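Student: Everything below, folded, please.
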Amino acid sequence: MTRVIHTGDTHVGYRQYHSPERRQDFLDAFEAVIDDAVDGDVDDEGSKTPRADGEAVDAVVHAGDLFHDRRPDLSDLLGVLSALRRLDAADVPFLAVVGNHEATRGSQWLDLFENLGLAIRLDAEPTVVGDTAFYGLDHVPRSRRDDLDYDFASPPADADATALVAHGLFTPFPHADWDTEALLDAATVDFDAVLLGDNHAADTAQVADTWVTYCGSTERASTDERDARGYNLVEFGADAGGSATVDIRRRSLDTRPFAFVDVELAAGEGVERVRERVREYDLSDAVAVVSITGDGDPVTPAAVEDAALEEGALLARVTDHRAVGGETAEATPDVDFADPDAAVRERVREMELSDLGRRLDETIRDDAVADSNVRDRVASAVGEAVAAGALDGSPADGEAADSDAAAGEDDGIDDRRDQVSMEDFL
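Tutor: Next up is the predicted model:
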């Protein structure tokens, strides 16, 4: 039997809401996963307790977006290195693929960790842990997926199970743009499980005879992520007849609390009613997320934020859904003007682009496409859309923007802020 932690979308380095405390939270969550893999939980007094199930894991499998940005700050890089060294000292291998947020033009940070002997970058060749062969598929822009042949080397004869680790938005889950069934049909290996990253919501489904699962993110990267954060525990084995078995269980992480305060104002009610509702919650060191609906009076967000801070909240986000056009206190982009790459990605992610729009965005910002070829690629995509009648009306009902897929492509801006690039480091 092989037992692994399946994690991903750790987004180390994300300075959410411009808060240094939130940035540390993302690193802390990643370190908590490593702690659990190495020696179980550590309480407030520093005492170690056994894993909840009393069994060790054979590997940590990371499904991409280890970092939030392709240029992580040095402190974040060193924090990850320290965690990986602890994992290495415990003889627990770290297997991973590259996600869209962290992808660089050439060598990846994962390559650096592999060169240091701290990680294994999964690819088309099998990496065997216990009785299971693991393969990897990095995030691939939609504009380049037609070139994929899904040609994987055969697993060893003594491998009881096979697993593909990939990063992308796969069917049958929400916002999908990658056909899981087509991948499995085209793959030269029969996978027993596909361990995914990119969608921050944990979920599991079965496609044909293959288990397909998202581990979810380890910290809340947006106010839409209300469920507890965590990761998957996955066991691979074989039944009495020799057929592979896969068992997927969920484990939660103790992350910074988010208090979701939903207020529906009746006619005549206003900011004082919202402040009353805020005071009903335990906001100690929490992120307060206040959502306002109803027919009441206009509300000044600053007054609500002050009430939350008075109750001990780390910070507060106020969204008045009654505002014209959906404009809210949270609508001001969280932009670090020293980070134009991130600003572009965040804006694109917020735009509800059509399928064609996302394809054009990926093509234009894909470094693998030479500038001289961009015009031809765009013309071809538009021509196909016209021929298919895709421009005759508005996007289909229910079409949603990708959670990360459009957000992580490099836009070609070569900034020189106080962050570390692969070129600077190597």
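
Student: Hmm, V271 and V278 touching each other?
Tutor: No. V278 lies out of contact with V271 (CB atoms under 8 Å); the separation is 10.3 Å. From N, CA and C alone the C-beta is placed, and that goes for glycine too.

Student: Mutual contacts of the two, please.
Tutor: V304 (CB atoms under 8 Å, 6 or more residues apart in numbering).

Student: And these two? Which one has more around it.
Tutor: More crowded of V278 and V271, by other CB atoms under 10 Å: V278, with 25 against 19.

Student: Output the contacting helices and strands for the one helix or strand the more buried one maps to.
Tutor: Using DSSP states H and E, V278 sits in helix 271-279. Taking 3 or more CB pairs under 8 Å, 6 or more residues apart in numbering; DSSP states H and E as contact, the helices and strands that helix 271-279 lies on are strand 258-265, strand 287-294, helix 301-310.

Student: Need the pLDDT of the residue nearest to G294 when sequence neighbours are not counted.
Tutor: Once flanking residues are discounted, G294 sits nearest to L265: 3.7 Å by CB to CB, 6 or more residues apart in numbering. Per-residue confidence (pLDDT) for L265: 95.

Student: for L265, what are its contacts?
Tutor: Listed by CB under 8 Å, 6+ apart, the contact set of L265 reads R273, V274, I292, T293, G294, D295, G296, D297, V299.

Student: how far away is it from R275?
Tutor: Taking CB to CB, to the nearest Å as the measure, L265 falls 12 Å from R275.

Student: One more: H175?
Tutor: Where R275 is concerned, H175 sits at a distance of 36 Å (CB to CB).

Student: Please say which of the two ends up with more neighbours.
Tutor: Remark: of H175 and R275, R275 carries more neighbours, 19 against 16, as counted by other CB under 10 Å.

Student: wait, that one sits on A303?
Tutor: Yes. If you go by CB under 8 Å, R275 and A303 touch, sitting 6.9 Å apart.

Student: Parallel or antiparallel, list what pairs with the helix or strand hosting V318.
Tutor: Following DSSP H and E, one finds V318 within strand 315-320. Note on strand 315-320: by DSSP bridges, its sheet partners are strand 287-294 (parallel).

Student: So what's the gap between the partner strand and the chain middle?
Tutor: 24 Å (CA atoms, centre = their mean, to the nearest Å).

Student: For it, buried residues please.
Tutor: V287, A288, V289, V290, S291, I292 (16 or more other CB atoms under 10 Å).

Student: Could you do stretch 304-314 as well?
Tutor: Neighbour counts using 16+ other CB under 10 Å place V304, E305, A307, A308, E311, A313, L314 of stretch 304-314 among the buried residues.

Student: Convert that stretch to CSV, retaining C-alpha atoms only.
Tutor: Extracted in CSV, the C-alpha atoms of stretch 304-314 (Å, rounded to 0.1, in the frame of the first residue of the first chain):
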residue,chain,number,x,y,z
VAL,A,304,-18.7,48.8,9.3
GLU,A,305,-14.9,48.1,9.0
ASP,A,306,-14.3,50.2,12.1
ALA,A,307,-16.8,48.1,14.0
ALA,A,308,-15.1,44.9,13.0
LEU,A,309,-11.7,46.2,14.0
GLU,A,310,-13.1,47.3,17.3
GLU,A,311,-14.1,43.6,17.9
GLY,A,312,-10.5,42.5,17.3
ALA,A,313,-10.6,41.6,13.6
LEU,A,314,-7.4,41.5,11.7
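
Student: contact partners of that stretch?
Tutor: With CB under 8 Å, 6+ apart as the contact definition, stretch 304-314 has outside contacts at 19, 21-22, 256, 259, 271, 274-275, 278-279, 281, 283-288, 290, 315-316, 318, 329.

Student: go again using 10 Å as the cut-off
Tutor: Residues from elsewhere that reach stretch 304-314 (CB atoms under 10 Å, 6 or more residues apart in numbering): 17, 19, 21-22, 25, 256-259, 261, 263, 271-272, 274-290, 292, 300, 315-318, 320, 329.

Student: Just the buried ones out of those, please.
Tutor: Among the contacts of stretch 304-314, those classed as buried by 16+ other CB under 10 Å are 17, 22, 25, 256-259, 261, 263, 271, 274-275, 277-278, 281, 283, 286-290, 292, 315-318, 320, 329.
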